[in-house]
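>>> Okay, sequence plus prediction incoming.
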There are 2 protein chains.
Amino acid sequence: MSVSGPVEQRVREALARIADVNDQWHIFVALDADRAIADARASDARHDDGRSHGALDGVLVAIKDNIDVEGLPSAAGIGAFRDRTAEADAHVVARLRAAGAIILGKLNMHEGALGATTDNPFFGRCANPLAPDRTPGGSSGGSAAAVAAGIVPLTLGTDTMGSVRIPAAYCGVWGLKPTTGLVAQTGLLHLSWTLDTIGLLADTPAHLAAGLSLIAGPVNDDPSSHAPPDDWSVGFRHGNGLTGVVLGRPTALDQVALEPAVADAYAAALAVAEEGGAAVQPIDIPGWQPGKLRRAGLLAVEAEGAFLLADAVERDPEGFSPEFRGFLDYGVRASAARLAGSYHLLRDIGHAARQALNGVDALVLPTAPQTAFRHGAPVPVNQADLTALANAAGCPALSIPWPTEPGALPAGIQLVGAPYSDGHLLSIGAALRESV
Amino acid sequence: MSVSGPVEQRVREALARIADVNDQWHIFVALDADRAIADARASDARHDDGRSHGALDGVLVAIKDNIDVEGLPSAAGIGAFRDRTAEADAHVVARLRAAGAIILGKLNMHEGALGATTDNPFFGRCANPLAPDRTPGGSSGGSAAAVAAGIVPLTLGTDTMGSVRIPAAYCGVWGLKPTTGLVAQTGLLHLSWTLDTIGLLADTPAHLAAGLSLIAGPVNDDPSSHAPPDDWSVGFRHGNGLTGVVLGRPTALDQVALEPAVADAYAAALAVAEEGGAAVQPIDIPGWQPGKLRRAGLLAVEAEGAFLLADAVERDPEGFSPEFRGFLDYGVRASAARLAGSYHLLRDIGHAARQALNGVDALVLPTAPQTAFRHGAPVPVNQADLTALANAAGCPALSIPWPTEPGALPAGIQLVGAPYSDGHLLSIGAALRESV
């Protein structure tokens, strides 16, 4: 019997690590061990033969539970969907697989993607690997935890109001919500088709860039997917530095109470940016009230989720937690005119944000107002106050892991850019983080 | 005193004609006589000096009452807004004026743009000049009537579910709903920001093309405006003929009861197309149920209108008809989740329509299922069954006036094309109409 190659070894090590920690940490909800090992062997063989498919050939990847992976359960963290098995790979999974990525399994998430603790009543309370008594955030909590635990270097998540970036910040990894429409969402079990964006979490910006370049691009069967500009490419470059970069510090940050550790990290990031040669200037986004925009987004999510899940709730109410049912009930009970007002605000503030971005390379702001909090502690209402803006605007947004005091949990620093500037954000983010 | 030039003469003739008919026909709700005469003199002087601004210099234009014209009332047909005066020209009006068009005044419309009879309780019952005991349709009824009466060759209207095309069909004029987002809507008093499109009505497709080429293009202050493809132009050409044109006849037409005169006109149009060298093929738009889509659009309109007009209704309920208030009340009472479902359907069917358009030059279908009906008769519920599709899809749609039996009212034949094919539709429409 032949000695296993390095990709197969990584898969076996990852599976062993999962076997060690998953009973406590509840990061993975399903594994595709046999196929992963077979695919790893094929990747090793390609590498041996000089036929590698590229940057992600043999890289281990895991997928949030609301994105279909052929043959695996696909429950979106919802008990009622526990027995649902995906018949085909989601578009994004198929793209990764075709490039040689090894799909290891499905990741725990906040029930239905509506919430940011990943304390899932059906699939377990996901732990933050940096401090297992704390939440990894959510809704893509498992996607952040799998990277933070060192099990895989790259995962897929989804981001409706911050669900990629918040767990990335809480767990000290990189998270990217791409430009809305840039990544086709066929095979995603939607919560909100107007705000959901499939995103990526990773150990490095280079992995985010490699992943995005594979999954970006329009497909015909997704109404929300659209072609990027003809000359678009991710265009990520390490080592560009910060000279000449102009960052906007939104004045509306005054309205959001930041935990001291986050405020300090943000001040440090601004100082690092300026020392590195970037200009940081205050920027006004007219009408943006972070709490108000977050509430508007929440109503859109509740109403769209209530529409999409109505039949399932009717069929199997016990397959949803009372809390989740309460959110969806609110989407039924609220007035259509009020929902219209929420969409109007999302549209207006999104437009204002895009207009403001005409004058700068990116907005810079914290990702979340707090670091990871303890399991069971009251959930801060302002978790998504600083992330919902990019969903409303359809803009790309990057969360950069940022150190705080030694031994303390990390913060996240967020860059928000104009549509299709995803790669530019990654380049700026890499330069900023390297300057610390 | 100098003899007046031809443009001034046309203005004076138009004003005289309005003075003759408007008390009975209620087409205009405001006139800008002095400015029109001054502008006409300036246009005459430009023509005399060889400094004409182009195709629309000196052409008389009138504007639907929901689009701002500097210094004129701007009530959108709503009693509560009777005393509202526009401080500036809407973007589209400014573009026309800068090109030398003579803005004659404001046109009657269905109250709030929500309805298709233009039997306005505050501004009078607009007559169809082809048969004054009949409705001109709506909501841009005055915009169609002004052209049909020969007062102006070009008007602006707005089209939310058919409000340009239905009155164009009923009054025997040409009507174009442009590609959604192609025409900036700054200065429009919206009914529904997701479905409203400023459009044009005219005596000829050449006037539609000239008008569209002036008003198309993005502006920064309208969130719904976006840049067309780099190489886009209206590209209207007379005399292209029909050889090689492929038209799709939607199979869903089976679900819509057509008045015999309309069915006959439609059959005649298909025959003319084929005789002219076009191929006509059945085309399936998966999921499109015309009545269901129209009801989804209506809920979106009611909810968005209820949000936009809430303060005004609260302040001055008597400034709205009980019928209009009833529509808006429905938008308040309906569930947010149901509205979300309506948006979902509009999005899905719009996507299906755009996909279907990949294989043909245009869909061909009647504009409205009936010809103009008598004032006071029950309003057919299916008026907008065939027009709402283009609003859902964001596609351009053209209504071509089509003759029926001698002495009978005309029908409208509608072409719906892929986004940005506005000019191609005009070329096909001109060729089709010329082949009769």
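Noted; the coordinates are in hand.

>>> what residues does the stretch 301-436 of chain A put near chain B?
Residues of the stretch 301-436 of chain A found near chain B (C-beta under 8 Å from any C-beta of the partner chain) are A:302-304, A:306-308, A:310, A:328, A:331-341, A:343-344, A:347-348, A:350-351, A:355. All C-beta atoms are positioned from the backbone trio N, CA, C, and that covers glycine.

>>> switch the cut-off to 6 Å
A:303-304, A:306-307, A:331-332, A:334-337, A:339-341, A:347, A:351 (C-beta under 6 Å from any C-beta of the partner chain).

>>> Distance check, A:Pro378 against A:Gly291.
Distance from A:Pro378 to A:Gly291, counting by C-beta to C-beta, to the nearest Å: 17 Å.

>>> before we move on, what about A:Leu398?
Relative to A:Gly291, A:Leu398 is positioned 23 Å away (C-beta to C-beta).

>>> The two: which has the busier surroundings?
Set A:Leu398 next to A:Gly291 and count neighbours by other C-beta atoms under 10 Å in any protein chain shown: A:Leu398 wins out with 33 against 15.

>>> Packing partners of whichever strand or helix holds A:Val313?
According to DSSP states H and E, A:Val313 maps onto helix A:290-315. Judged by 3 or more C-beta pairs under 6 Å, 6 or more residues apart in numbering or on different chains; DSSP states H and E, the packing partners of helix A:290-315 are helix A:322-333, helix A:336-356, helix A:388-393, helix B:336-356.

>>> Name the member of the residues of the stretch 301-436 of chain A next to chain B with the most neighbours.
For these, neighbours tallied by other C-beta under 10 Å; top is A:Ala303, 31 neighbours.

>>> Phi and psi next, for the residue nearest the centre of chain A.
For chain A, A:Val164 is the residue whose C-alpha lies nearest the centre (C-alpha atoms, centre = their mean; 1.9 Å). Reported as degrees, to the nearest 10, the phi and psi values for A:Val164 are phi -90, psi -50.

>>> wait, isn't it in contact with A:Gly157?
Yes - counting by C-beta atoms under 6 Å, A:Val164 touches A:Gly157, with 4.3 Å between them.

>>> anything in contact with each of those two?
A:140, A:199 (C-beta atoms under 6 Å, 6 or more residues apart in numbering or on different chains).

>>> residue ranges with poor pLDDT in chain A?
For chain A, the stretches with pLDDT under 70 are A:1-2.

>>> can you give me the helices for it?
With helices called from DSSP state H, chain A shows them at A:6-25, A:33-48, A:91-98, A:141-148, A:165-171, A:205-215, A:260-275, A:290-315, A:322-333, A:336-356, A:388-393, A:422-434.

>>> Next up, the contacts around the nearest residue to A:Gly157 once chain neighbours are set aside.
Of all residues not flanking A:Gly157 in the chain, A:Ser140 sits nearest, at 3.0 Å (C-beta to C-beta, 6 or more residues apart in numbering or on different chains). By C-beta under 6 Å, 6+ apart, the contact set of A:Ser140 is A:64, A:157, A:163-164, A:167.

>>> If we only consider the residues you listed, which is nearest to chain B?
Lowest distance from chain B to the contacts of A:Ser140 (C-beta to the nearest C-beta) belongs to A:Ser163, with 19.0 Å.

>>> among the helices of chain A, which is nearest B:Gly297?
Taking C-beta to C-beta, helix A:336-356 is the member of the helices of chain A nearest to B:Gly297, at 13.3 Å.

>>> What about the nearest residue to A:Arg125 once chain neighbours are set aside, how many residues nearby?
The shortest distance from A:Arg125 to any residue other than its chain neighbours is 4.6 Å, reached at A:Asp119 (C-beta to C-beta, 6+ apart). Using other C-beta under 10 Å, A:Asp119 has 21 neighbouring residues.

>>> I'd say A:Asp119 and A:Cys126 touch.
No - at 7.2 Å, A:Asp119 does not count as touching A:Cys126 under the criterion of C-beta under 6 Å.

>>> Could you report the neighbour count for the residue in the stretch 1-150 of chain A positioned nearest to chain B?
As assessed by C-beta to the nearest C-beta, chain B sits closest to A:Leu114 within the stretch 1-150 of chain A, at 13.9 Å. When neighbours are counted by other C-beta under 10 Å, A:Leu114 registers 25.

>>> gap between A:Arg338 and A:Glu302?
With C-beta to C-beta as the criterion, A:Arg338 and A:Glu302 are 11 Å apart.

>>> Same drill for these two, tell me which one is more crowded.
Using other C-beta under 10 Å, the more surrounded residue of A:Arg338 and A:Glu302 is A:Glu302, with 27 against 19.

>>> contacting residues for the more buried one?
So A:Glu302 contacts A:327, A:330-331 (C-beta under 6 Å, 6+ apart).

>>> Ok, A:Val364 next?
Taking C-beta under 6 Å, 6+ apart, we find A:Val364 in contact with A:247, A:415.

>>> 8 Å instead?
A:247-249, A:269-270, A:273, A:280, A:413-415 (C-beta atoms under 8 Å, 6 or more residues apart in numbering or on different chains).
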